[in-house]
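Visitor: Return atomic coordinates for the entry below.
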Amino acid sequence: MGLVAMRWLLGGVFVFSGLVKCVDPVGTSIFVEKYLATYSLDSLTHLLLPIAVALSSVEVLVGILLIIGLLRRRVAIATTAIIAAFSVVTLLSATILPIGDCGCFGDAVKLTPWQTFAKNVVLLVLSILLWRHSKEDRVVWLRTTVVVIAVLALPIGINLYSLRYLPLVDFLPYKVGVELRKEVVREREAADVKSVLIFRNSTTGEIVEFSAEDTSCWTNPDIEYVDARVESVASEGDKYSDFCVYNRDGEDVTRELLEKSGRVAWLCINDALKLEGTRLSYVERLFDAYPADAIVVLTSTDRAFVAKRLGSEVYTIDAMTLRSIVRADVGVVVLNDGVVEYKSDIRDI
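Guide: Just a heads-up that it's a prediction; the model follows:
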């Protein structure tokens, strides 16, 4: 493989990896948070978004410099160092520090840690070859500085736009056009159902659970039967297994809410502290535009606080799921007969 082909291949991977992170910096920050937690670097969580923006911008910069052939040897060295570092991290993720999906391609392409490590090994070999065969090129620093600044303006601009509004490209299961009602019902009906038997230890009072297929619990003299329940087991690859909405009594009302006919506005509150000022005035505008029974308020934070602030019924949902539905701190998702029709930050309705 020629040097030009290697530069274009490596550059293409870096540009793609960086751009899919740029269009969803909040999603990138979620992956960064997982890594910081895994490596006990929680003290840096206040820098999640800056790290996410910097990471994606550097990837795009390195990728474009590889493609156009500017600062060839220096960029080849930087590329090798970056891929080597990523290779170590993904190897640890695949072995002693499991983290799941690495997030190297954001939510656009899902890879296991081992798949990511194999990809990085191939890229590392190519980057080393490129480094060894790249010659120093004459640098005109003024031109180079202008090019670097111009290139960085692209990913930084995309990041800032996506932070203010919503991701330029939505790779998540709740994007506009998805027949959410149909998909959730289909997954739930296809889910495996299992019965769980609940027993109490007669001596310690400890509650223990058994599968209904495990008949040994009935012959154990130290435990006594208490209750049974039926639960669904999500199949591998299900996208909506975590999509469960609960009312104030803790009852699952997901299907009930999805079966509302016509247009229904979901007011999604990821950060209750942002429910003030301009955002609160737009929330009031939303309540004026829709009938009360056509607005569903969802939050993953303080339900009681939100209910008191808005004076309406508030439903709770998993925090990560709500962030997947809409990336905004306070956002709106409009469903029309169960189909996602519109999404925006509350300030853009």
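Visitor: rest of the way, CA atoms for contacts and neighbours
Guide: OK.
Visitor: residues in contact with C268?
Guide: Contact analysis of C268 by Cα atoms under 8 Å, 6 or more residues apart in numbering lists V297, L298, T299, L322, V326, D329, V330, G331, V332, V333.
Visitor: Now with 10 Å, please.
Guide: 296-300, 315-317, 322-323, 325-333, 345-346 (Cα atoms under 10 Å, 6 or more residues apart in numbering).
Visitor: which residues does it form a beta bridge with?
Guide: Judged by DSSP bridges, the bridge partners of C268 are L298, G331.
Visitor: Flag the shaky bits of the stretch 151-300 of the chain, pLDDT-wise.
Guide: Scanning the stretch 151-300 of the chain for pLDDT under 70 picks out 192-193, 230-237.
Visitor: show me where it has strands.
Guide: Using DSSP state E, counting those that start in this stretch, the strands of the stretch 151-300 of the chain run over 192-201, 207-211, 223-233, 245-246, 263-269, 295-299.
Visitor: what's the most buried one of those strands?
Guide: The highest mean neighbour count among these, using mean count of other Cα atoms under 10 Å, belongs to strand 263-269: a mean of 24.
Visitor: how far does that strand sit from the chain's center?
Guide: 20 Å (Cα atoms, centre = their mean, to the nearest Å).
Visitor: what's the answer for stretch 274-292, then?
Guide: 26 Å.
Visitor: Please point out which parts of it sit buried.
Guide: Neighbour-count burial for stretch 274-292 flags L275, R279, L280, Y282, V283, L286 (criterion: 16 or more other Cα atoms under 10 Å).
Visitor: The last one - nearest residue in space that isn't next to it in sequence?
Guide: In this structure, L286 finds its nearest non-sequential neighbour in I349, 8.0 Å apart by Cα to Cα, 6 or more residues apart in numbering.
Visitor: what pLDDT does that neighbour get?
Guide: Confidence at I349, expressed as pLDDT, is 86.
Visitor: Wait, it touches Y282, no?
Guide: Yes. Shown here, I349 and Y282 form a contact pair, counting by Cα atoms under 10 Å, at 7.7 Å.
Visitor: need the contact list for V32.
Guide: Counting by Cα under 10 Å, 6+ apart, V32 touches V26, T38, T45, L47, L48, L49, I51, A52, L55, C102, G103.
Visitor: Report how many residues lie close to the first one.
Guide: The local packing of V26 (other Cα atoms under 10 Å) involves 24 other residues.
Visitor: Which of the contacts of V32 lies at the shortest distance from C217?
Guide: Nearest to C217 among the contacts of V32, counting by Cα to Cα, is T38 at 37.7 Å.
Visitor: Distance of that closest one relative to Y165?
Guide: As for T38, its distance to Y165 is 30 Å (criterion: Cα to Cα, to the nearest Å).
Visitor: which of the contacts of V32 are buried?
Guide: Judged by 16+ other Cα under 10 Å, buried ones among the contacts of V32: V26, L48, L49, I51, A52, L55, C102, G103.
Visitor: ok, the residues you listed vs G18, which is closest?
Guide: Closest approach between the buried ones among the contacts of V32 and G18, by Cα to Cα: L55, at 7.6 Å.
Visitor: wait, that closest one sits on C22?
Guide: Yes. Assessed by Cα under 10 Å, L55 is found in contact with C22 at 9.0 Å.
Visitor: Touching both of those two, which residues are there?
Guide: By Cα under 10 Å, 6+ apart, L55 and C22 have these common neighbours: T28.
Visitor: hmm, back to that, what's the farthest-apart pair in the buried ones among the contacts of V32?
Guide: L49 and C102 (17.2 Å).
Visitor: what packs against the strand or helix carrying L322?
Guide: Using DSSP states H and E, L322 maps to helix 319-325. Secondary-structure packing of helix 319-325 (3 or more Cα pairs under 10 Å, 6 or more residues apart in numbering; DSSP states H and E): helix 25-38, strand 263-269, strand 295-299, strand 330-336.
Visitor: What is the third one packed up against?
Guide: Read that as strand 295-299. strand 245-246, strand 263-269, helix 277-289, helix 303-310, strand 314-317, helix 319-325, strand 330-336.
Visitor: is it fair to say Y342 lies in a strand?
Guide: Yes. Assignment of Y342 by DSSP: H, G, I helix; E, B strand; the rest coil places it within a strand.
Visitor: which residues touch it?
Guide: With Cα under 10 Å, 6+ apart, Y342 has these contacts: K175, V176, G177, A265, V332, V333, V334, L335, N336, I349.
Visitor: For Y225, give me its contacts.
Guide: Counting by Cα under 10 Å, 6+ apart, Y225 has contacts L197, I198, F199, R200, N201, S202, I207, V208, E209, C217, W218.
Visitor: Equivalent analysis for K239, please.
Guide: Per Cα under 10 Å, 6+ apart, neighbours of K239: L172, P173, Y174, E183, V184, E187.
Visitor: State the distance from the residue nearest to L286 to A289.
Guide: From I349 to A289 the distance is 10 Å (Cα to Cα).
Visitor: Spell out which residues are contacts of both of those two.
Guide: Counting by Cα under 10 Å, 6+ apart, the residues touching both I349 and A289 are V283.
Visitor: Distance check, the nearest residue in space to S211 that is not next to it in sequence against F243.
Guide: In space, and not counting its chain neighbours, S211 is closest to V196: 4.9 Å by Cα to Cα, 6+ apart. Using Cα to Cα, V196 is found at 22 Å from F243.
Visitor: again, but for K194
Guide: 19 Å.
Visitor: same check, this time on D348
Guide: Applying Cα to Cα, the value for D348 to F243 is 25 Å.
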